[in-house]
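Chemist: Sequence and predicted model, in that order:
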Amino acid sequence: MLKARKLTSFESAALGLEYNLADGHATFEWPDEYEFVRSRLERHFFDSLVARQGDEEIRFVESFTRLSKQSRPRHARLTPSASMSLEIAAHALRSTGRLKVGMIEPTFDNLADIFARVGLSLAPLAPEEIREGHFENASNVDALVIVWPNNPFGDGYSTHEFARLLRFAERSRVAIVFDFSFRLLSTPMATFDQYDMLTASGVQYICIEDTGKVLPANDLKVSMLSSSPELATAVETVAQDMYLATSRFSLRLNAELLDVSATVADLPASRLAMTNAEILEGSLCSLVVPPAWHISVRVLYLGKFGVDGSAIVRRAEKAGVGVLPLAPFFWSEVERGANLVRIALARDRNLFACGVEVLRQIIGV
């Protein structure tokens, strides 16, 4: 059945389609704000060949924390992708004996797959349980995996809700893995310092950041993986077995784009996502599920038309439009996503508008 396909397989197929609205990566022409970076690409490439790895890593971390308005994380390691960082985190939990994991649901299916593949047992955890302080389902696990803002609905947490979560985790001795990959697209994340609160708490944690959702760098991404002192050795040991270092050119390119982004009023990817969200709502208003927080994806609910999301995805693929079914996001109960599809917003405006029009005709709205 279609729902048995991995989400990445839909994304891979969409790379060859005329209108790829499937993966959540930032894929659009560089705006004028990035022209200065474009003019120096060749220089950056050759300068990075002789640059010191440590210098480039320090600069990237400084650029990222400046834009995100966060404290400098402890024990930071930079990897080529968030998926690699998640793999390292999963192995680190296993190597430290944290075998029972409360995993956020819905979430991209590869998160559940990665943690299950290393032998961890998973129990679903809904965002509203965290938001409302209902930790009953989190009391019998060794660790939590929380995507914040949540993909695909954008669920997030206030300062009060985050502080309450940290108190629970410290009291229950539960470690937390935070996937912050969509952070830079969500304004509320910048209103308080999560790293400062984590450092001040007694919680054992691993945090994962990613530039791929916000910077159009042709998949030259950087993920920042940081941890509390208690987990740092396990993280470092696993990381050393997996890779040597992240490309110095990629570090420099992403740092430059982050620096420019910090000087403009609106992050280009966020601005474009908001524009495309308006296009989507104008065309398919009755189907759009309002996000909890703004991120660069939207969900359509097709149940009121009696239309199955998987059927729409199949028909869209044949018509040259790539979107994602939501069933695999509900990794423990796929039926819950049967009437839902996800659309990526970080695309060039004209391409997005054309793809949405094709999708509208397929749905029959």
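Modeler: Perfect, thanks for sending it. Residues are numbered from 1 along each chain as shown.
Chemist: Strands of the stretch 201-350 of the chain, start to end?
Modeler: With DSSP state E, counting those that start in this stretch, the ranges of strands along the stretch 201-350 of the chain come out as 205-210, 223-227, 288-289, 297-301, 321-322, 324-325, 340-344.
Chemist: Any idea which of these gets closest to residue 269?
Modeler: In terms of Cβ to Cβ, the element of these nearest to residue 269 is strand 340-344, at 11.0 Å. (Glycine included, C-beta is placed from N, CA and C.)
Chemist: Tell me where the model's unsure across the protein.
Modeler: Residue ranges of the chain with pLDDT under 70: 1-4.
Chemist: Give me the most central residue, it.
Modeler: Nearest to the geometric centre of the chain sits residue 181, at 3.3 Å (Cα atoms, centre = their mean).
Chemist: So it, which state does it fall into?
Modeler: coil (DSSP: H, G, I helix; E, B strand; the rest coil).
Chemist: ok, it - contacts?
Modeler: 82, 147, 151, 208-210, 212-213, 223 (Cβ atoms under 8 Å, 6 or more residues apart in numbering).
Chemist: got CSV for the residues you listed, with neighbour count too?
Modeler: Listed next are the contacts of residue 181 as CSV, based on neighbours: other Cβ atoms under 10 Å:
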residue, neighbour count
82, 25
147, 23
151, 23
208, 25
209, 26
210, 26
212, 24
213, 25
223, 23
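Chemist: Closest to residue 105 out of these?
Modeler: Residue 105 lies nearest to residue 147 out of those, by Cβ to Cβ, at 9.7 Å.
Chemist: wait, doesn't that closest one sit right on residue 104?
Modeler: Yes - assessed by Cβ atoms under 8 Å, residue 147 is found in contact with residue 104 at 5.2 Å.
Chemist: Relative to residue 199, how far out is residue 163?
Modeler: From residue 163 across to residue 199, the span is 13 Å (Cβ to Cβ, to the nearest Å).
Chemist: Same check on residue 121?
Modeler: From residue 121 to residue 199 the distance is 30 Å (Cβ to Cβ).
Chemist: try residue 305
Modeler: With distances taken as Cβ to Cβ, residue 305 is found 49 Å from residue 199.
Chemist: picking up where we left off before, with neighbour numbers in mind, choose between residue 121 and residue 199.
Modeler: Taking other Cβ atoms under 10 Å, residue 121 and residue 199 do not tie; residue 199 has more neighbours (16 against 12).
Chemist: can you tell me the helix or strand for the more buried one?
Modeler: Counting by DSSP states H and E, the element that carries residue 199 is helix 194-200.
Chemist: Just give me the neighbour total for the nearest residue in space to residue 75 that is not next to it in sequence.
Modeler: Counting by Cβ to Cβ, 6 or more residues apart in numbering, the nearest residue to residue 75 once its immediate chain neighbours are dropped is residue 232, at 4.0 Å. Residues lying near residue 232 (other Cβ under 10 Å) number 18.
Chemist: what do you get for the one 3 residues further on?
Modeler: Residue 235 has 24 neighbours, counted by other Cβ under 10 Å.
Chemist: Likewise for residue 40?
Modeler: 14.
Chemist: Find the nearest non-adjacent residue to it, please.
Modeler: Leaving aside its sequence neighbours, residue 40 is closest to residue 256 (7.4 Å, by Cβ to Cβ, 6+ apart).
Chemist: so that neighbour makes contact with residue 45?
Modeler: No - assessed by Cβ under 8 Å, residue 256 is found out of contact with residue 45, at 11.7 Å.
Chemist: These two: which is more packed in?
Modeler: residue 256 (22 against 13).
Chemist: just so I have it, where are all the helices in the stretch 251-365 of the chain?
Modeler: Along the stretch 251-365 of the chain, the stretches classed as helices by DSSP state H, counting those that start in this stretch are 268-284, 309-318, 349-363.
Chemist: For residue 21, find the nearest of these.
Modeler: Nearest of the helices of the stretch 251-365 of the chain to residue 21, taken as Cβ to Cβ: helix 349-363 at 5.1 Å.
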